[in-house]
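Q: Coordinates for the following, if possible.
(one chain, ligands or ions: 1)
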Amino acid sequence: MEVVIVPDAAAGGELVAEAIVRLLNRKPDALLGVATGSTPLPVYQALTARVRAGDADVSRVRIAQLDEYVGLPADHPESYRSVLHREVLTPLGIPLSAFLGPDGTASDVPAACAAYDRALTESGGVDLQILGIGTDGHIGFNEPCSSLASRTRIKTLTEQTRVDNARFFDGDITQVPHHVITQGIGTILEARHLVLLATGEGKADAVASTVEGPISAFCPASALQLHPHTTIITDEAAASKLKLADYFRHTYANKPAWQGI
Ligand SMILES: N[C@@H]1[C@@H](O)[C@H](O)[C@@H](COP(=O)(O)O)O[C@@H]1O
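A: Have a look, this model is predicted:
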């Protein structure tokens, strides 16, 4: 697990955009796993700038969704499909035909979950998965005590996550769905490169548990310790509870630039 402490969210966005540019130059039809939430937005902005500057061609890239609310119509502005359309596909000029995601409106949700999990495998697997982290250590919508071997399935949100996400629903928690579809932790761990971003003091405990805590379903993101290629990118505030922060800084400062993340 590599931990990179960056001065601010914009620097983190540029670092991840650079990793995606390198990936696309090596594999133009890469499957890029994207997350919602406010943390990854600087990545999408930096990537859009790099693509517009001609550094990478996204005409063959494919995009995979991490999670989705159950029951929100697909065209609801806060369905994750709509959010990703707005924040990722439209700015990058990627057509919907290149987008893979679960159907949050399906009448048979377990079947929709299994179909999406299968589709990810059949499409060759995710090459680079962008992740945010919840204040309780969730990744995707795998809440604490999710099985570390879980596959894509329906989950129930904790009260804390619904409170955190109410800001996207005019601050009204009653509008935040209780149920979601999320790639499982086992599914997420199949991506070739996992890049988790965390910014702000509110994520400091979750980051410390993820990086330095025991591997435990109580902090779902700690499962990333099992993955051979995980990069954790944090700002100073989110890194503030890491005991090994100086070691991580030293390691990254002495890494050859050609190596990337
Ligand atoms: N399902 C999403 C997660 O994928 C995201 O990581 C988390 C944190 O969001 P933010 O980056 O806005 O703090 O929010 C939601 O719960």
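Q: Just the C-alpha atoms of stretch 45-52, please, in CSV.
A: Below are the C-alpha coordinates for stretch 45-52, written out as CSV (Å, rounded to 0.1, in the frame of the first residue of the first chain):
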residue,chain,number,x,y,z
GLN,A,45,-11.6,18.0,-13.6
ALA,A,46,-7.8,17.4,-14.0
LEU,A,47,-8.5,14.5,-16.4
THR,A,48,-10.8,16.6,-18.5
ALA,A,49,-8.0,19.2,-18.8
ARG,A,50,-5.4,16.6,-19.8
VAL,A,51,-7.7,15.1,-22.4
ARG,A,52,-8.6,18.5,-23.9
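Q: Could you list the residues in contact with it?
A: 10, 13-14, 16-18, 20-21, 56-58, 91-92 (Cβ atoms under 8 Å, 6 or more residues apart in numbering). For glycine as for every other residue, the C-beta is placed from the backbone atoms N, C-alpha and C.
Q: Can you list the buried residues in that stretch?
A: 45-48, 50-51 (16 or more other Cβ atoms under 10 Å).
Q: Using a markdown table, lay out these together with secondary structure.
A: Formatted as a markdown table, these follow (DSSP: H, G, I helix; E, B strand; the rest coil):
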| residue | secondary structure |
| --- | --- |
| 45 | helix |
| 46 | helix |
| 47 | helix |
| 48 | helix |
| 50 | helix |
| 51 | helix |
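Q: Quick check: the two most widely separated of those residues?
A: Farthest apart among the buried residues of stretch 45-52 by Cβ to Cβ are 45 and 51. That separation is 11.0 Å.
Q: Put together a markdown table for the buried residues of stretch 45-52, with distance to residue 85 and pLDDT on each row.
A: Below are the buried residues of stretch 45-52 laid out as a markdown table (distance: Cβ to Cβ, whole Å; pLDDT from 0 to 100):
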| residue | distance to residue 85 | pLDDT |
| --- | --- | --- |
| 45 | 16 | 98 |
| 46 | 19 | 98 |
| 47 | 15 | 98 |
| 48 | 14 | 98 |
| 50 | 20 | 98 |
| 51 | 17 | 98 |
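Q: If we only consider those residues, which is nearest to residue 3?
A: residue 46 (19.8 Å).
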